[in-house]
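Undergrad: starting from these lines, generate the structure:
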Amino acid sequence: MRRVWSLTAAAVVAMTAVLPMRGDDFMYEKVYYVRVGDTAPEVQCRDEAGKLWRSKDHFGKKYVVLVFYSGDFVPDCTKRLSGYRDYQSHLASVGAEIVAISGDKPENHELFRKAQRLNFTMLADTKAEMAKEFGVYASSGGITKTKEIDGRETRLKREATLADWTWVVARDGTVIYKDMHPDAATDSRKVYELLYRRASERR
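TA: Now for the predicted structure:
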């Protein structure tokens, strides 16, 4: 009996370690994870300019790289998205579009884009609705402090905090790549190398 209790306790600890952080107002309710090979769910979200971005206008027409990240001006996120900025032309050359998603408001995205010279679409998933459709962990928002805007400390509020996950949706609308633990320094290069190999195999 003692051994059974020990195994049960170990299982609970292991499960707790992989569960999402839960905020007061962003309880993670949808137990669904989009897997490689699944058809990507149909979603929509406002971009950095407040314009409605609809997946049905993009999925199935080109490769779409979905970069879920914690928040604007968060150091690791800045490094990761700067990598996608630098690889943007390479990814475009293999027919891929980059779309970054966080729980920040559009106005935060605009400041972040300008400060880091980001050159791709940024979606404001403030209610974590898009994240939930893909099974991306989400918790309540937070405050990020930065001096990158005008040299003085600025506090930016985000409405939700999303996990750092990367997805690639193929031209047929299916998910062909998923990374739940992307490395900030190499994420964009790994995605490019994947799509470059696929393009080379079709020649």
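Undergrad: how about the helices in this protein?
TA: Taking DSSP state H as the criterion, the chain carries its helices at 2-18, 75-93, 106-116, 129-134, 187-201.
Undergrad: just name the most buried of those.
TA: helix 129-134 (a mean of 21; mean count of other C-beta atoms under 10 Å). In this view, the C-beta of every residue, glycine as well, is placed from N, C-alpha and C.
Undergrad: residues making contact with it?
TA: 28-30, 34, 40-41, 43-45, 66, 68, 101, 103, 123, 125, 137-138, 160, 162-163, 165, 167 (C-beta atoms under 8 Å, 6 or more residues apart in numbering).
Undergrad: quick check: mean pLDDT across that helix?
TA: Averaged across helix 129-134, the pLDDT comes to 94.
Undergrad: now do stretch 71-89
TA: 97.
Undergrad: CA-only coordinates of it in PDB, if you can.
TA: Listed in PDB are the C-alpha atoms of stretch 71-89, where the atom choice follows Å, rounded to 0.1, in the frame of the first residue of the first chain:
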ATOM      1  CA  GLY A  71       4.800  39.400 -23.900                       C
ATOM      2  CA  ASP A  72       6.200  42.500 -25.700                       C
ATOM      3  CA  PHE A  73       9.600  43.600 -24.400                       C
ATOM      4  CA  VAL A  74      10.100  40.500 -22.400                       C
ATOM      5  CA  PRO A  75      13.900  39.800 -22.900                       C
ATOM      6  CA  ASP A  76      13.700  36.200 -24.200                       C
ATOM      7  CA  CYS A  77      10.700  37.100 -26.400                       C
ATOM      8  CA  THR A  78      12.700  40.100 -27.800                       C
ATOM      9  CA  LYS A  79      15.500  37.800 -28.700                       C
ATOM     10  CA  ARG A  80      13.200  35.200 -30.300                       C
ATOM     11  CA  LEU A  81      11.200  37.700 -32.400                       C
ATOM     12  CA  SER A  82      14.400  39.500 -33.400                       C
ATOM     13  CA  GLY A  83      15.500  36.200 -34.800                       C
ATOM     14  CA  TYR A  84      12.300  36.000 -36.900                       C
ATOM     15  CA  ARG A  85      12.900  39.600 -38.000                       C
ATOM     16  CA  ASP A  86      16.400  38.600 -39.300                       C
ATOM     17  CA  TYR A  87      15.100  35.500 -40.900                       C
ATOM     18  CA  GLN A  88      12.000  37.100 -42.400                       C
ATOM     19  CA  SER A  89      13.300  37.300 -46.000                       C
END
